[in-house]
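In: quick one, what's the 3D model for this:
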Amino acid sequence: MKIKIFNHEICVCALLATNSICAKSSAEMEKIMTSQIYIILAIIAYLGVMIYIGIVFSKKNTQAAEFYLGGRKLGPLVTAMSAEASDMSSYLLMGLPGLAYISGLAEVGWTAIGLAIGTYLNWLLVSKRIRRYSSRIGSFTIPEFFSKRYGDDKHYLTCIAALIIVVFFVPYTASGFAACGKLFSTLFGMNYIVAMLLSAAVIVIYCTLGGFLAVSTTDLIQSFTMSIALLIVVGFGAVTTGGFDNVLNSVKALPGYLSLVQTYSPAANTASPYTPLMIASMLAWGLGYFGMPHILLRFMAIEDENKLKLSRRIASVWVVISMAIAVLIGVIGYALSQAGIIPVLEGSNSETVIIQIASVLSSYGILPALIAGVILAGILAATMSTADSQLLAAASSISQNLIQDFGKKKLDTKTSLRIARITVIVISLIAVFIAQNPDSSIFGIVSFAWAGFGAAFGPVVLLALFWRRSNKQGALAGMITGGIMVFIWKYGIAKLGGAFAIYELLPAFAIALIVNVLVSLTTKEPEDKLVRIFDEVNQK
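Out: Numbering: from 1, shown residues only. Modelled structure (predicted):
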């Protein structure tokens, strides 16, 4: 007979079993339970720190601007690491390694290059201007920035932008809850729903208590946790396989695995060409950065715009190194599978490669089990750091932009904060409902939401900051076009195949940009007051 403890099957000594078998089973069970206990302790300690930070910062929020933007008090290190931690999500520790594990370097490599370029350009081109512009016109949410930038007194831009944020962020947040649920469910044999609800509760608690300062500070901690997890896994994996030479020897015989112009097919054990169109499609991931509300908010929140240069350097270096290590983990994971140290992973199971490595590490004793707990906390950190930022952005869209700006409901500070916190809870409940299916596709949701924000907001942000002739009619038309084209391309045009089967962000971004420019040129020029503010901001 067998019983299941923490997802492991343990033999129960039958009457006819020998004493040695019983002793071995008992020892194995004790070893597994001990390692699991220490992993749990490490994760509980980590979650406790996150909640404590929320409690501490809850005392510092006296108005909505502080809840949403931290009173523009972020230092350069917190700004940089918070922006990147909220950006990467579980894709850094699960998506990139899994993609590298199963198909080699081409697809994951060009995706990472696109993300790295997009990160740098966003910091270089957008960060200082949107910080300066948002401060000049007194905006502390992205929808509010659009309306004040274009003099939209009726707040149509605010309304549409807020609706887009909710449409794409609620399922995005749900994917984060689902990732946490799957992590605990896989590790400890917990019921998926229970695991997902517990994870969501922790995120909601520190987000509703502490607001932007708590989220940004926890993101800083979580970025360090992710970094530590990546380094530990690479070091342990390389040592376990006998060094990096053995890792390369395990994969270099696979056709196309280490190439950037070919991709490896594990089913057929063959290589197929990775065309220039495919490369352009993956590089297009970088365009998404220009429209990410939770990243743009970090730019708006730094205490001194002159410190953004330091933030840019920190963020760019961290992103390049962390993604390179994440890809390397996938390659090392394949070598570990070849050596029989971890199971051979197929399909979406390849995204659990870092969990498999952490599981092997935990079997080496108490200290390795605690270290494995830190690694798994890193996965949790990657997911939580994005989910909390998304919750805050979606909450600000509803409570501030829809209720107060568009709905003309003026609220006092206390009521505004209360509504903001209630909004976080309501959005979380909707996200929990969406995430209740354990078989939902996390990567698909993230990819689609990324395209939605990039296409709807990216062109508007760039033209708002760099083109004085841009007007509210063009911004509104471009924003709506970008959001709609993501749906049309993904669920319609892309199904035609061939050259049309590309990532929806690329064509939707281009079309939205063209529509914005054409409508702006064919409608009334912006008011003199708006042009003067534009010139004033850009002359500094």
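
In: would you list every one of the helices in the stretch 401-540 of the chain?
Out: Assigned by DSSP state H, counting those that start in this stretch, the stretch 401-540 of the chain shows helices spanning 413-434, 442-466, 472-491, 505-522, 528-539.

In: among those helices, which comes closest to residue 129?
Out: Minimum separation from residue 129 across the helices of the stretch 401-540 of the chain (Cβ to Cβ) falls at helix 442-466, 4.4 Å. Backbone N, C-alpha and C define where each C-beta goes, glycine included.

In: report all helices and strands that that closest one contacts.
Out: Packing partners of helix 442-466 (3 or more Cβ pairs under 8 Å, 6 or more residues apart in numbering; DSSP states H and E): helix 128-137, helix 142-149, helix 156-188, helix 293-301, helix 472-491, helix 505-522.

In: turn the helices of the stretch 401-540 of the chain into TSV, columns for distance to residue 91, mean neighbour count and mean pLDDT.
Out: Below are the helices of the stretch 401-540 of the chain laid out as TSV (distance: least, Cβ to Cβ, whole Å; neighbours: other Cβ atoms under 10 Å; pLDDT from 0 to 100):
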stretch	distance to residue 91	mean neighbour count	mean pLDDT
helix 413-434	18	18	77
helix 442-466	6	24	89
helix 472-491	18	22	96
helix 505-522	15	20	97
helix 528-539	34	13	92
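
In: picking that back up, of all the helices and strands packed on helix 442-466, which one comes closest to residue 539?
Out: helix 128-137 (10.5 Å).

In: which residues sit against the closest one?
Out: 72, 140, 145, 148-149, 296, 299-300, 302, 305, 308, 461, 464-466, 533, 536-538, 540 (Cβ atoms under 8 Å, 6 or more residues apart in numbering).

In: so which residues of the stretch 251-400 of the chain form strands?
Out: 262-265, 270-273 (DSSP state E, counting those that start in this stretch).

In: just put these in a markdown table and tack on mean pLDDT and mean neighbour count.
Out: As requested, those are exported to a markdown table (pLDDT from 0 to 100; neighbours: other Cβ atoms under 10 Å):
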| stretch | mean pLDDT | mean neighbour count |
| --- | --- | --- |
| strand 262-265 | 89 | 20 |
| strand 270-273 | 90 | 14 |
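
In: I'd like those strands written out as a markdown table, with distance to residue 429 added.
Out: Below are the strands of the stretch 251-400 of the chain laid out as a markdown table (distance: least, Cβ to Cβ, whole Å):
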| stretch | distance to residue 429 |
| --- | --- |
| strand 262-265 | 41 |
| strand 270-273 | 44 |
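
In: quick one: which of those is nearest residue 414?
Out: Among those, the nearest to residue 414 by Cβ to Cβ is strand 262-265 (56.1 Å).

In: which strands and helices sit next to the closest one?
Out: Contacts defined by 3+ Cβ pairs under 8 Å, 6+ apart place strand 262-265 against helix 95-103, helix 105-121, strand 270-273.

In: now with 6 Å?
Out: strand 270-273 (3 or more Cβ pairs under 6 Å, 6 or more residues apart in numbering; DSSP states H and E).

In: what lines up beside the strand it packs on in the sheet?
Out: Here strand 270-273 has these sheet partners by DSSP bridges: strand 262-265 (antiparallel).

In: give me the distance from the partner strand to the chain's centre.
Out: Put simply, strand 262-265 sits 26 Å off its chain's centre (Cα atoms, centre = their mean, to the nearest Å).

In: who's in contact with that strand?
Out: 103-104, 106-107, 254, 256-257, 271-272, 274 (Cβ atoms under 6 Å, 6 or more residues apart in numbering).

In: circling back to that earlier point, format the helices of the stretch 401-540 of the chain as a markdown table; extra columns: distance to residue 230.
Out: Converted to a markdown table, these look like this (distance: least, Cβ to Cβ, whole Å):
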| stretch | distance to residue 230 |
| --- | --- |
| helix 413-434 | 27 |
| helix 442-466 | 19 |
| helix 472-491 | 31 |
| helix 505-522 | 26 |
| helix 528-539 | 39 |
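
In: among those helices, which is nearest residue 241?
Out: For residue 241, the closest of the helices of the stretch 401-540 of the chain is helix 442-466, at 26.8 Å, according to Cβ to Cβ.

In: where in the stretch 51-200 of the chain is pLDDT low?
Out: Applying pLDDT under 70 to the stretch 51-200 of the chain flags the ranges 51, 53-90, 186.

In: hmm, back to that, save the helices and strands packed on helix 442-466 as a markdown table, and put in distance to residue 433 too.
Out: Listed next are the helices and strands packed on helix 442-466 as a markdown table, based on distance: least, Cβ to Cβ, whole Å:
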| stretch | distance to residue 433 |
| --- | --- |
| helix 128-137 | 33 |
| helix 142-149 | 25 |
| helix 156-188 | 8 |
| helix 293-301 | 22 |
| helix 472-491 | 22 |
| helix 505-522 | 27 |
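
In: for residue 94, which of these is the nearest?
Out: Smallest distance to residue 94 across the helices and strands packed on helix 442-466 (Cβ to Cβ): 7.4 Å, for helix 156-188.

In: thinking again about what came up before, out of the contacts of strand 262-265, which end up buried?
Out: Among those, the ones that count as buried by 16 or more other Cβ atoms under 10 Å are 103-104, 106-107, 254, 256-257, 271, 274.

In: which residue packs closest to residue 468, ignoring adjacent ones?
Out: Leaving out its chain neighbours, the residue that sits closest to residue 468 by Cβ to Cβ, 6 or more residues apart in numbering is residue 534, at 4.7 Å.

In: thinking the one you found is in contact with residue 469, fair?
Out: No. Contact criterion Cβ atoms under 6 Å: residue 534 and residue 469 do not qualify, at 9.6 Å.

In: what's near enough to touch the spatially closest residue to residue 330 that is not a sequence neighbour?
Out: Leaving out its chain neighbours, the residue that sits closest to residue 330 by Cβ to Cβ, 6+ apart is residue 100, at 2.7 Å. By Cβ under 6 Å, 6+ apart, the contact list for residue 100 reads 108, 327, 330-331.

In: want to throw those residues into a markdown table with distance to residue 492 and neighbour count?
Out: Output for those, formatted as a markdown table (distance: Cβ to Cβ, whole Å; neighbours: other Cβ atoms under 10 Å):
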| residue | distance to residue 492 | neighbour count |
| --- | --- | --- |
| 108 | 27 | 25 |
| 327 | 33 | 21 |
| 330 | 33 | 25 |
| 331 | 37 | 25 |
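
In: which of these sits closest to residue 192?
Out: Of these, the one sitting nearest to residue 192 (Cβ to Cβ) turns out to be residue 330, at 25.2 Å.

In: where's that closest one relative to residue 394, distance?
Out: 32 Å (Cβ to Cβ, to the nearest Å).

In: again with residue 473
Out: 27 Å.

In: next one: residue 456
Out: 14 Å.

In: also residue 158?
Out: 14 Å.
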